[in-house]
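# sequence below, structure please.
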Amino acid sequence: MLRFLLPSIIFILFIIEGTVMQVIAPDRFGSEFIIIPRFAFVVVIVIAIFLGRTTGTIYALFLGLFQDIIYTHVLGVYIFSMALITYLLGFSYKIFQKNLSLLFITTIVGTILLEYLVYGIYSMVNITNLLHENFFYERLLPSLLVNSVFLIIFAYPLRKLLVFLQNKDDIEEKINKRKKDFRWQR
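Below is the predicted model:
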């Protein structure tokens, strides 16, 4: 049952990004600000920091695939961007687990990198002609604020859950090793 917990959390957050957040988006009320929630990606980065870059990259590949299929008309941009950033930030596997502020900073840097990488790729292939100043003030800063608030609220419970899952996996690994050792002794 716990095996499906993380994919379910990521899927629910992905659904919330596209449904609930669109109802309260400021651009619906005439504002020039655009909020892009990246809640599922924030969770994937935290997973990469706690469970390793391989696990995080696999989650990022699937999340990027869903993002590309549902929200964009160019396949591969989010798959590549999310997987690359998650893989690179996953190198901080053991270093940033213990400090919540370093986890927060790493995750925010990851969301900034994702926004800039997607913006850069779209600018390169002439999908967007948005000026950098407009991108920065109207899209990046409001999105960064919303994702930071989400992370502040959910970082501690998510960290506790991932530590629990990590300890559970360590215990199962030790039990399996003992079973294997016992078989060899017979």
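# report the secondary structure element holding the residue nearest to residue 148 when sequence neighbours are not counted.
Excluding the flanking residues, the one nearest residue 148 by CB to CB, 6 or more residues apart in numbering is residue 108, at 6.0 Å. Just so you know, the C-beta spots here come from the backbone N, C-alpha and C atoms, and that holds for glycine as well. Applying DSSP states H and E as the criterion places residue 108 in helix 100-124.
# buried residues in that helix?
For helix 100-124, a neighbour-count test (16 or more other CB atoms under 10 Å) marks 103-104, 106-108, 110-111, 113-115, 117-119, 121-122 as buried.
# now the helix ranked longest in the chain against helix 100-124, angle please.
Ranked by number of residues, the top helix in the chain under DSSP state H is helix 141-185. Angle between the axes of helix 141-185 and helix 100-124 is 110 degrees (criterion: axes from the mean of the first three to the mean of the last three CA atoms, to 10 degrees).
# for helix 141-185, packing partners?
helix 5-18, helix 39-51, helix 100-124 (3 or more CB pairs under 8 Å, 6 or more residues apart in numbering; DSSP states H and E).
# what is the orientation angle of that helix with helix 5-18?
Using the same axes, to 10 degrees: helix 141-185 against helix 5-18 is 170 degrees.
# lowest-pLDDT helix or strand in the protein?
Scoring the helices and strands of the chain by mean pLDDT, DSSP states H and E places helix 20-23 at the bottom, with a mean of 80.
# wait, doesn't the residue nearest to residue 148 sit right on residue 147?
Yes: taking CB atoms under 8 Å as the definition, residue 108 is a contact partner of residue 147 at 7.2 Å.
# hmm, residue 139 and residue 26 touching each other?
No: applying CB under 8 Å as the test, residue 26 and residue 139 come out as separate, 11.2 Å apart.
# sorry, back to before: now render the helices and strands packed on helix 141-185 as CSV, adding mean pLDDT and distance to residue 61.
CSV is the format used below for these (pLDDT from 0 to 100; distance: least, CB to CB, whole Å):
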stretch, mean pLDDT, distance to residue 61
helix 5-18, 94, 12
helix 39-51, 93, 10
helix 100-124, 93, 14
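# can I get these in CSV with distance to residue 85?
Below are the helices and strands packed on helix 141-185 laid out as CSV (distance: least, CB to CB, whole Å):
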stretch, distance to residue 85
helix 5-18, 16
helix 39-51, 8
helix 100-124, 5
